[in-house]
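Undergrad: predicted model, plus sequence, below.
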Amino acid sequence: MNSYLVIRQGRRWNDIFRLTPGQAITIGRGSTNAIVIPEEMCSRVHAEIADVDGSWVLKDLKSRNGTLLNGVAIDQPTPLKPGDSIQIASGHMEFVHSLAGVFENPADPNRGGDVDSNGQTESIIARRDQSGILGDQPFGVPASLSSKNELDSAVFQKLFQLAFDLSSTHTAEDAAELALKVLIAQCEADCGGVFLFGSKNDPDAFNRPTLDFSNVEPVAPELILLATLQNGTKGYRRPSDFLVKTIAADGHGLLARNISGDRELISQSTSAALQATSLIVAPIRHEGRVLGMIHVYSSNSQKELSQLHLQVAVAIGDTMALALKKIASQQILEDSLQTAKRKAQQLQEQLSQQSLLVGDSQPLQKVKAVIARAAPTNATILVRGESGVGKELVAQLIHEMSPRKDGPFLCVNCAALSPTLLESELFGHEKGAFTGAIERKIGRFEAAHGGTLMLDEVGEMTPEIQTKFLRVLETRTIERIGSHKPIAVDVRIVSATNRDLEEAVQDGLFRSDLYFRLKVIQLQVPPLRERTDDIAVLARHFLKRFSREIGRRLEGFTKEALEAMTSYAWPGNVRELKNVIERAVVLCGGAWITVDDLALDGLRLKREVLQADGTPYKPISLDEMEREHVLATLRHTRGNKSRTASILGVERSTLDRKLQKFGLTPEHWKDVAEE
C-alpha cells in the first residue's frame, strides 16, 4: 500500500513526499534530513518516520520543542493512521495512503495552523503575485540552498531575462521551448515538457475565454504538447493523469519527492519513466484560468527537486502565460489581416472577372447587377442571347463569383453532340454499356461535383435526355448508362440558349416542367448592336490584348475606323468584333488601324439593312422621330391640319400643341395651301 506525507505551504498542500516501504526518513533543520524545516524552533534532527512491521511510526528524537500529532505532543513512537496531521515548528504534514481528494480543500482549518513561528501568515506559493521568489525562505528547502540573497538575485535576473526573451517569440512552441530550457537549467532536472489544455482541433485553445478547469471532470483534459527537453539519453515521458487532473482543477504548482516506482504520480506508459525520484508540475494560467502546465522531473536522488524549484517553475509558468496571450493576440491580428487580404483578393478576383465583361453601357450594367445578386445563391440560371454575345463568359463569371469558385467549371455544348454521345457525356457510362464502351467513363455531372456545369444550347436536347436531366434537377442524383446505382451530385446548373424556348414548349419540342426548372433566374445578354457605347471600349480592349500576344505596337484606331465600327450591325456580336480586331492587328500595315484594315465593307452587313422599310438607320430620339413624322404628314396633306390630325389619330388641339412643342411653322412645309 502506498503512503505519502503531504506537506502544507501556507494554506496550500502542494508538496508530496512518498514513503518507501522498509525505509526510515528524518525531519529536521539539517540538510541531511529527507524533509528540511529551516527554522530555529526545529532541531537539527527533530523526528523520524519509519516502517515498523508494515506500519508507519512517528517518533520524536528528543527535540527541544516537541512533535505534535493531531495537535498533541508525543513522547513515544506512535503508529500513523490515514488523515493524521503532523506539526513540527511551523511545518504541517498529513499522512495519507491515497492522494485522491488531498487537494480538494486547500484551506481546511482542521488540517493544521495558518500562522508561522513568527506569528506571520505564510505566503501561498502558488499565487501568481506571490511566487515566493523574493519572499521568506520556504519551508522544505534544504539548508544548502539557504544563501537566499545571492540565489534570489540570480533567479530574478534569469526570470527577467526570460520575460524579455519571451516577448520576442512568435509561436507558442518557441515560447515553450525557451521557458522549459531555463527551468531545467535552474532545477538541473533530467526531462521536461510543456502542454496546453484543449483539443487537437483547436491548437489555440488557451485563447478561448470559456477555457476553465475549476470544476474538472474525472477524465483528464486533453493535452497539446508544445515542447519537450531532456538531458542525456533518457527520453521524456508525459505526466500522469492524476497530475494533469490535479493541476487543471487546483491551478497551483505541485512538488512530489521520493516517487520512484509510484504509478499514481508517474506516467505508466513505460518502465523507463518510473525511474524518476522527484517531479514538479506548475500551471500556465492567466486571469484565473489554467491554460496548461509545465512538467519536469529528476531521476537523480542527489539532485532532488525542491520547494524553491517549485517557486521558480510557478513564476516561469505565469511569465509564459503572458507570452502565450501576447502570441495569441498577435495571431488573432495576423489571422484577421490574412482574412482581410483573402477577402480583398477575392474581391479583386471578382472585379477582374467582371472586367471580362468589358463595357459600361446601361444594358451591360443591368447584366452585371443580376450576376452580382444571383451568383452567391445556388439558384439555377438560364442565360439567353444571340450567338456570340458571351453567354459562356457570363456563366463562368457566375461561377467565379459564387461560393463554388474553388470547384470545377465545366461546359457542354448540347448542339455539338449526337443524342447518344450527349447522354454519355452528361451521365457517363459503365464498361460494356454499349458498343465501344471499353471502360467506365465519368460524366460531366460527376466531374463537376462541387462546382458549376454549363449546358450551352440546352434547347437542342432530345425529349429523352430532357427527362433524365429533369430527374437530376429534382433528385440531385444521376445514373451512369448501363447502371442502376444512383450517384449523388452537388452541381449548380447554368443553361444557355439562343433558341425561343417558349415557342419550343408550345410546339411540344421542349418540356414545360424542365423549362420552368431552368428559368428560376433568367439573364438576357444584350446583342452588341444594343450596346453601341461599348463598341469602342471593346475594340480597344481587344487591340491591347492581341497587340501584346502578337508582339506589335499599334497606336489605336483612326476616327473613321471607330465611326465605322459604331455604325456596323455586328450580327456576330462580340465574337465577331474580336475576330475583326485580331485580323486587323495582324494585317495592319501602319501604326493606326484604319477602316480598310477592318474590312467591314466587304461583309455588306450594314446596320441599315436591318430596317423593315429599307431606309438607312439613323440614331435619333423618340421626340425627333415624332417631329419628323408630324412634319412629313403635314407635307403630305399640303398643310391641312385637320387631315393631318386625322391621319395621326389625334385631336386638332393636340396637333397644335405638338407643332408648338416642336417649333414647326408653315415655313417648314413649302407650297402648302392654308386652310
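TA: All right, it came through fine.
Undergrad: and the strand or helix carrying L180, how far from the chain's centre?
TA: Element membership of L180 [criterion: DSSP states H and E] is helix 172-187. Taking the mean of its C-alpha atoms, helix 172-187 sits 30 Å from the chain's own mean (C-alpha atoms, centre = their mean, to the nearest Å).
Undergrad: just the residues contacting that helix, thanks.
TA: Taking contacts as C-beta atoms under 8 Å, 6 or more residues apart in numbering, the residues outside helix 172-187 that touch it are 155, 158, 162, 165-166, 169, 189, 191-194, 196, 203, 206, 226-229, 231, 280, 294, 296, 298, 305, 309, 312-313, 316-317, 319-320, 323-324, 327-328. All C-beta spots, glycine's among them, are computed from the backbone N, C-alpha and C.
Undergrad: try 7 Å this time
TA: The set of residues external to helix 172-187 that reach it, using C-beta atoms under 7 Å, 6 or more residues apart in numbering, is 155, 158, 162, 165-166, 169, 192, 194, 226-227, 229, 294, 296, 305, 309, 312-313, 316, 320, 323-324, 327.
Undergrad: got a ChimeraX select line for the buried ones in these?
TA: The ChimeraX command for the buried members of these (criterion: 16 or more other C-beta atoms under 10 Å) is given here:
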select :155,158,162,165,166,169,192,194,226,227,229,294,296,305,309,312,313,316,320,323,324,327
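Undergrad: now H46. Its backbone dihedrals?
TA: In terms of degrees, to the nearest 10, the main-chain angles of H46 are phi -90, psi -50.
Undergrad: please tell me how far the nearest residue to it once chain neighbours are set aside sits from A50.
TA: With C-beta to C-beta, 6 or more residues apart in numbering as the criterion, H46 has its nearest non-adjacent residue at 4.1 Å, and that residue is G28. Taken as C-beta to C-beta, to the nearest Å, the spacing of G28 relative to A50 amounts to 14 Å.
Undergrad: higher neighbour count, those two?
TA: Comparing G28 with A50 by neighbour count (other C-beta atoms under 10 Å), the higher total belongs to G28, at 24 against 16.
Undergrad: isn't that one up against M41?
TA: No. Shown here, G28 and M41 do not form a contact pair, counting by C-beta atoms under 7 Å, at 11.3 Å.
Undergrad: still on that earlier bit, tell me the mean pLDDT for the helix or strand that the helix holding L180 is followed by?
TA: For helix 172-187, the succeeding helix or strand toward the C-terminus, using DSSP H and E, is strand 191-197. Averaging the model's pLDDT scores along strand 191-197 yields 91.
Undergrad: list the pairing partners of strand 191-197 within its sheet, with orientation.
TA: strand 223-230 (antiparallel), strand 289-298 (antiparallel) (DSSP bridges).
Undergrad: which intervals of the stretch 501-650 of the chain have sub-threshold pLDDT?
TA: Low-confidence regions of the stretch 501-650 of the chain, defined here as pLDDT under 70, cover residues 601-619.
Undergrad: where do the strands of it begin and end?
TA: The residue ranges that make up the strands of the stretch 501-650 of the chain, judged by DSSP state E, counting those that start in this stretch, are 521-524, 556-557, 592-593.
Undergrad: may I have the beta-bridge partners of I7?
TA: Checking I7 by DSSP bridges, which sets the bridge assignment, gives partners D15, M93.
Undergrad: in this structure it contacts A34, no?
TA: No. The pair I7 and A34 does not pass the contact test of C-beta under 7 Å, sitting 11.2 Å apart.
Undergrad: more neighbours: the two, which one.
TA: Between I7 and A34, counted using other C-beta under 10 Å, the more crowded position is I7 (23 against 18).
Undergrad: quick one: the more buried one and I74, what's the gap?
TA: Counting by C-beta to C-beta - I7 and I74 are separated by 19 Å.
Undergrad: tell me what the helix or strand hosting L255 is packed against?
TA: Of the helices and strands defined by DSSP H and E, L255 is found in strand 254-257. Helices and strands touching strand 254-257, by 3 or more C-beta pairs under 7 Å, 6 or more residues apart in numbering; DSSP states H and E, are strand 12-19, helix 241-250, strand 278-286.
Undergrad: just the CA atoms of that strand, as PDB, please.
TA: The C-alpha coordinates for strand 254-257 follow below in PDB (Å, rounded to 0.1, in the frame of the first residue of the first chain):
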ATOM      1  CA  LEU A 254       2.900  20.800  -7.000                       C
ATOM      2  CA  LEU A 255       6.100  19.200  -5.900                       C
ATOM      3  CA  ALA A 256       6.500  15.400  -5.300                       C
ATOM      4  CA  ARG A 257       9.600  13.700  -3.900                       C
END
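Undergrad: any idea of the mean pLDDT for it?
TA: When pLDDT is averaged over strand 254-257, the result is 87.
Undergrad: what are the contacting residues of that strand?
TA: Residues outside strand 254-257 that contact it (C-beta under 7 Å, 6+ apart) are 14-18, 243, 246-247, 265, 278-281, 304-305, 307, 310.
Undergrad: who does that strand pair up with?
TA: Note on strand 254-257: by DSSP bridges, its sheet partners are strand 12-19 (parallel), strand 278-286 (antiparallel).
Undergrad: got the strands of the stretch 501-650 of the chain as TSV, with distance to K81 and mean neighbour count columns?
TA: Output for the strands of the stretch 501-650 of the chain, formatted as TSV (distance: least, C-beta to C-beta, whole Å; neighbours: other C-beta atoms under 10 Å):
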stretch	distance to K81	mean neighbour count
strand 521-524	83	16
strand 556-557	104	18
strand 592-593	107	18
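Undergrad: format these as JSON lines; extra columns: distance to L364.
TA: Converted to JSON lines, the strands of the stretch 501-650 of the chain look like this (distance: least, C-beta to C-beta, whole Å):
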{"stretch": "strand 521-524", "distance to L364": "11"}
{"stretch": "strand 556-557", "distance to L364": "21"}
{"stretch": "strand 592-593", "distance to L364": "24"}
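Undergrad: these: which one's closest to R652?
TA: Closest approach to R652 among the strands of the stretch 501-650 of the chain (C-beta to C-beta): strand 521-524, 42.3 Å.
Undergrad: if H295 is in a bridge, with which residues?
TA: Counting by DSSP bridges, the residues bridging with H295 are G193, V281.
Undergrad: what about it, distance to L305?
TA: Using C-beta to C-beta, H295 is found at 11 Å from L305.
Undergrad: likewise F510?
TA: If you measure F510 against L305 using C-beta to C-beta, the figure is 84 Å.
Undergrad: now for the helix or strand of the chain with the lowest mean pLDDT, which elements pack on it?
TA: Comparing helices and strands within the chain by mean pLDDT, DSSP states H and E singles out helix 148-166 as the least confident, with a mean of 73. Helices and strands in packing contact with helix 148-166 are listed as helix 172-187, helix 307-354; criterion 3+ C-beta pairs under 7 Å, 6+ apart.
Undergrad: ok, which of those comes nearest S361?
TA: Ranking the helices and strands packed on helix 148-166 by their distance to S361 (criterion: C-beta to C-beta) puts helix 307-354 first, at 14.2 Å.
Undergrad: now do the closest one: distance to the chain's middle.
TA: Its chain's C-alpha centre lies 13 Å from the corresponding centre of helix 307-354 when counted by C-alpha atoms, centre = their mean.
Undergrad: what packs against it?
TA: helix 148-166, helix 172-187, strand 278-286, strand 289-298, helix 391-400.
Undergrad: could you give the angle of the shortest one to helix 241-250?
TA: Comparing the axes of strand 278-286 and helix 241-250 via axes from the mean of the first three to the mean of the last three C-alpha atoms, to 10 degrees yields an angle of 30 degrees.
Undergrad: what does the first one give?
TA: With the same axes, to 10 degrees as the basis, helix 148-166 and helix 241-250 are set at 90 degrees to each other.
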